[in-house]
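Chemist: Need a 3D model of the sequence below.
(2 chains)
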Protein chains: 2
Amino acid sequence: MSFIDQLKFNADGLIPAIIQDDQTGRVLMLGWMNRASVEMTLVRGQTVFWSRSRQKFWMKGETSGHTQTVKGISFDCDADALLIQVEQAGAACHEGYRSCFFRSVDAEGETCKITEPQLETPEQMYGKGKG
Amino acid sequence: MSFIDQLKFNADGLIPAIIQDDQTGRVLMLGWMNRASVEMTLVRGQTVFWSRSRQKFWMKGETSGHTQTVKGISFDCDADALLIQVEQAGAACHEGYRSCFFRSVDAEGETCKITEPQLETPEQMYGKGKG
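Modeler: Take a look at the predicted model:
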């Protein structure tokens, strides 16, 4: 039985996928996948998400070239979340940062700071759009 | 302005929180928080989730002693996911594993294997229940 049959997708048919840098352990992003995009990810060996905002498949890096090559796939005890280790080309974030989690807050949650350099501007990455 | 005001909670008032071991970078679990549990997490300095299955607050480690002391909080570019680095006491997973992501699959998604030792049995951790 494929592990996909064990996964619990939510009411919208989606499961969250934590994307982690295989080399550094840095968490790069959280994306959403439906069953077909999990299957496509396995077949391609590169991540494919379901874009909730655009309601379409989102082949990561298709526009930007910032692909994610799959190095490992795990799922959690409740089978309702994925952890995918990847080799990330360039910036994972559509805002040009290595990680989407480039903003940290202090212990009180009041002050917010950017914790890493912006590698590219969105204009450099896409011209327009998000990929 | 508190960073909480910037967060985008979903239709159920929830946001996913990736919990990562501050020392090793290991992703331990994915939990869900509502606004009040994010606030409680900031105030306590330990994670508090919203249990979707039990529809109540879930003070991590309250029963098991396996608390998560907050070391860092980040949020992503879309402000709809949290990344929280913690100091994890014992097992994060209610099944007694350090990480909830203790099962990995091969490249075809067919074979599943357990990748880490079970530190305790659920019976040792709780007797019953989940915490």
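Chemist: Could you confirm A:Gln124 falls within a strand?
Modeler: No. A:Gln124 is assigned helix when assessed by DSSP: H, G, I helix; E, B strand; the rest coil, not a strand.
Chemist: nearest residue to the residue of chain A positioned farthest from its centre other than its sequence neighbours?
Modeler: Centroid-distance maximum for chain A: A:Glu108 at 27.8 Å, with CA atoms, centre = their mean. Using CB to CB, 6 or more residues apart in numbering or on different chains and skipping residues adjacent in sequence, the residue nearest A:Glu108 is B:Leu42, 6.6 Å away. No exception for glycine: its C-beta is placed from N, CA and C like everyone else's.
Chemist: The residue of chain A found nearest chain B: what's it in contact with?
Modeler: Distances between chain A and chain B by CB to the nearest CB are smallest at A:Gly25, namely 2.9 Å. A:Gly25 is in contact with B:24-26, counting by CB atoms under 8 Å, 6 or more residues apart in numbering or on different chains.
Chemist: Which positions in stretch A:74-94 come out as buried?
Modeler: A:74-78, A:81-86, A:88, A:91-94 (16 or more other CB atoms under 10 Å in any protein chain shown).
Chemist: What of stretch A:104-120?
Modeler: A:104-105, A:109, A:112, A:119-120.
Chemist: Greatest separation within those: which pair is it?
Modeler: Across the buried residues of stretch A:104-120, the longest distance by CB to CB is 29.3 Å; it joins A:Gly109 and A:Glu120.
Chemist: now for the strand or helix carrying A:Ile84, which elements pack on it?
Modeler: Secondary structure assignment for A:Ile84, by DSSP states H and E: strand A:82-88. Counting contacts by 3 or more CB pairs under 8 Å, 6 or more residues apart in numbering or on different chains; DSSP states H and E, strand A:82-88 is packed against strand A:14-21, strand A:27-34, strand A:68-75.
Chemist: Adjacent strands (with direction) for the helix or strand following that strand?
Modeler: Proceeding N to C from strand A:82-88, the next assigned helix or strand is strand A:103-105, under DSSP H and E. Sheet pairing here is set by DSSP bridges, and for strand A:103-105 it gives strand A:112-114 (antiparallel), strand B:68-75 (antiparallel).
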